[in-house]
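>>> Any chance you can model this:
(one chain, ligands or ions: 1)
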Amino acid sequence: MTTIGNTQDLRRNATLPRIPEPSNATVVPSASRSISPVEVQTLKARQKAMWESGDYGQVARSIVPCAEEFIARLPLKPGMRVLDVACGSGNLAIIAARIGCVTSGVDFATNLLVQARERAATEGLDIDFVEGDAEALPYSDAKFDAVISMFGAMFTPRPDRVAAEFHRVTKPGGFVAMANWTPDGFIGKMFEVFKAHLPPPPPGVPSAMLWGYEPTVRERLQVFAELKTDRRIALMRFPFPPAEVVDFFRRYYGPTGRAFDALTPERQAALYRALVELQTAHNSSGTPDTTEARAEYLRVVARRSE
Ligand SMILES: C[S@@+](CC[C@H](N)C(=O)[O-])C[C@H]1O[C@@H](n2cnc3c(N)ncnc32)[C@H](O)[C@@H]1O
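Below is the predicted model:
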């Protein structure tokens, strides 16, 4: 089983604050026109199938320490109403419920919600997990004290809708908190590799990694009264070599599996080589037999005015 270590404060390792400029290849939307409703529907059906493929629950288990640290740094208190958006198998929701929050989770992946409900039941936690779209949240206005999303809402095709929905369902004085992979961090680079080997997404769909780019996040969440960000590291540790980590992701992580499925055997081999190379280049474990990657994410906390 993989382990992903605790997140670390980047300031320990950086002398100067920096806002990494994302490479154009990563973030520039493929065209200036917006995506049509029919294209959105088709894309969402494809994305739902992608996240339901493999077994994201396996990957999620290994980022529990990252989720625990994320929750620990939020001002959550027993009795607060919390919504975990794009909750997957329930990592954040379960931790929030453990501390006594009245917790809901929403995701469009049916099978991951089944896992989330099973996990909650095992611990005797009462969490309302609902199937739904992060761009059209099935909740009334101003329902939640906190709306949280870890590596989830960042993957929807229309970030403006997500931002508006987050604001709508948050109570005045409440807050939104997101963990978003950065374009130049390890996971951002992994998505760059996918992109180099796959056909482009429909025109008008911005890169998910823009949610990890602070200036864009500020623009998208400008309706909120207050916004704080900091860059963090999820330490991803695996007790096996880089090539086996690629195998693990190919088997369990929908985006990796789907990227391979879309290619001919020759192109699959090229993608595999590129991913092993990336994983090896970022291996900070000090030994080729185990793998450690320092995956950067942007932590975003935005408060809605009273
Ligand atoms: C990388 S997983 C993260 C899951 C969970 N937040 C965690 O930390 O383990 C991304 C999740 O986003 C969900 N997702 C992506 N787009 C969505 C959308 N438009 N509406 C609801 N869920 C969505 C996927 O189904 C998947 O569960």
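
>>> can you list the weak-confidence ranges in the chain?
Scanning the chain for pLDDT under 70 picks out the ranges 1-33.

>>> If we ignore the residues flanking it in sequence, what's nearest whichever residue of the chain sits closest to the ligand?
With CB to the nearest ligand atom as the measure, residue 88 is the residue of the chain nearest to the ligand, at 2.6 Å. Using the backbone N, CA and C atoms, a C-beta is placed for each residue, glycine as well. Closest residue in space to residue 88, ignoring its immediate chain neighbours: residue 112 at 4.8 Å, by CB to CB, 6 or more residues apart in numbering.

>>> can I assume the one you found sits in a helix?
Yes - counting by DSSP: H, G, I helix; E, B strand; the rest coil, residue 112 is found in a helix.

>>> Neighbours of it, how many?
Neighbour count of residue 112, defined by other CB atoms under 10 Å: 25.

>>> Residue 160 against residue 219, yeah?
No - Residue 160 is beyond contact range of residue 219, at 9.9 Å (criterion: CB atoms under 8 Å).

>>> near the ligand, which residues of this protein?
47, 51, 56, 60, 86-88, 91, 107-109, 112, 133-135, 150-152, 155-156 (CB under 6 Å from any ligand atom).

>>> So which of those sit within helices?
In this view, the residues of the chain next to the ligand that belong to helices under DSSP state H are 47, 51, 56, 60, 91, 112.

>>> can you map out the strands along the protein?
Counting by DSSP state E, the chain has strands at residues 3-9, 81-85, 102-107, 128-131, 144-150, 170-181, 226-238, 291-303.

>>> and those strands as a markdown table, adding mean neighbour count?
Output for the strands of the chain, formatted as a markdown table (neighbours: other CB atoms under 10 Å):
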| stretch | mean neighbour count |
| --- | --- |
| strand 3-9 | 16 |
| strand 81-85 | 27 |
| strand 102-107 | 26 |
| strand 128-131 | 16 |
| strand 144-150 | 26 |
| strand 170-181 | 22 |
| strand 226-238 | 19 |
| strand 291-303 | 22 |
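
>>> Adding distance to residue 96, write the ones you listed out as JSON lines.
Converted to JSON lines, those look like this (distance: least, CB to CB, whole Å):
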{"stretch": "strand 3-9", "distance to residue 96": "17"}
{"stretch": "strand 81-85", "distance to residue 96": "5"}
{"stretch": "strand 102-107", "distance to residue 96": "5"}
{"stretch": "strand 128-131", "distance to residue 96": "12"}
{"stretch": "strand 144-150", "distance to residue 96": "7"}
{"stretch": "strand 170-181", "distance to residue 96": "11"}
{"stretch": "strand 226-238", "distance to residue 96": "18"}
{"stretch": "strand 291-303", "distance to residue 96": "15"}
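
>>> thinking again about what came up before, could I have the PyMOL command that selects the buried members from the residues of the chain next to the ligand?
A single PyMOL command selects the buried members of the residues of the chain next to the ligand (16 or more other CB atoms under 10 Å):
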select buried, resi 47+51+56+60+86+87+88+91+107+108+109+112+133+134+135+150+151+152+155+156
